[in-house]
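> got a sequence here, can you build the structure:
(2 chains)
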Amino acid sequence: DAGVTQSPTHLIKTRGQQVTLRCSPKSGHDTVSWYQQALGQGPQFIFQYYEEEERQRGNFPDRFSGHQFPNYSSELNVNALLLGDSALYLCASSFVRGRGIEQYFGPGTRLTVT
Amino acid sequence: AQKVTQAQTEISVVEKEDVTLDCVYETRDTTYYLFWYKQPPSGELVFLIRRNSFDEQNEISGRYSWNFQKSTSSFNFTITASQVVDSAVYFCALSEAGGNTPLVFGKGTRLSVIA
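Next comes the predicted model:
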């Protein structure tokens, strides 16, 4: 049973560029959440996708957008990259009909903006 | 607003010592969930435990134990007879009830276990 997978593992971009990160949820899960973890900090919630729609959003600017596909996989897009966007981006999957069920995290994508 | 505080930034212990990681939370909800995650150097967050607000029973799983006290809004985590493999960053997190609500994390406690 495959867990949550993310690609790429590492990425280096230049300020102003755009980036797309990808996530495949754990088998049987239908909800994907994205978190940003800056160095030395806890993860911060970006947004959550269910049934191909953004259901909840944290305090992140519109430069952060996402998409969920019919197979439940998801993409996180960040436009006009800033140095402060350098972080570990974590994807978590869960099953919406579970109440308060734990979220399973992928290994993350480490984004460096220079 | 929900908030999780992990006051201990870094802890260093010698192997076989017991260690307790503190977690204090704030929420206005009467129903909520508390979690502990472990983050080894690889970066992946590993789920350790979930506890709902109506279940204050302490739990023990092998060398791990958790003490949930609503009266003090604390959910502390103890590792007994620590091992080098326990070295990681540990996060406490909180979510509202209702399923699939976002997790609010503390800043984490870095535990180093020295052989």
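> check whether the helix or strand bottoming out on mean pLDDT in chain A contacts chain B.
Lowest mean confidence among the helices and strands of chain A (mean pLDDT, DSSP states H and E): strand A:104-105, at a mean of 91. Yes: residues of strand A:104-105 contacting chain B under CB under 8 Å from any CB of the partner chain: A:Tyr104, A:Phe105. In short, each C-beta sits where N, CA and C put it, glycine included.
> need the contact partners of the helix or strand just after that strand.
Per DSSP states H and E, the first helix or strand lying C-terminal to strand A:104-105 is strand A:109-113. Counting by CB atoms under 8 Å, 6 or more residues apart in numbering or on different chains, strand A:109-113 makes contact with A:6-15, A:19, A:21, A:78, A:81-89, B:43, all of which sit outside it.
> ok and the residue in chain B nearest chain A?
With distances taken as CB to the nearest CB, chain B approaches chain A most closely at B:Phe105, which sits 3.3 Å away.
> that residue against B:Ala93, yeah?
Yes: using CB atoms under 8 Å, B:Phe105 makes contact with B:Ala93 at a distance of 4.7 Å.
> name the residues contacting each of those two.
With contacts defined as CB under 8 Å, 6+ apart, the residues shared by B:Phe105 and B:Ala93 are A:Gly42, B:Val4, B:Tyr37.
> assign a three-state SS to the residue positioned nearest the centre of chain A, would you?
Centroid-nearest residue in chain A, with CA atoms, centre = their mean: A:Trp34, separated by 3.0 Å. Three-state call for A:Trp34 (DSSP: H, G, I helix; E, B strand; the rest coil): strand.
> how many other residues sit next to the residue nearest to it when sequence neighbours are not counted?
Of all residues beyond its chain neighbours, the one nearest A:Trp34 is A:Ile46 (4.3 Å), with distances taken as CB to CB, 6 or more residues apart in numbering or on different chains. Other residues within reach of A:Ile46, judged by other CB atoms under 10 Å in any protein chain shown, total 23.
> before we move on, the earlier item: give me the distance from the least confident helix or strand of chain A to the chain's centre.
The chain centroid and the centroid of strand A:104-105 are separated by 11 Å, computed with CA atoms, centre = their mean, to the nearest Å.
> elements contacting that strand?
Strand A:104-105 is packed against strand A:87-94, strand B:46-52, with contacts defined by 3 or more CB pairs under 8 Å, 6 or more residues apart in numbering or on different chains; DSSP states H and E.
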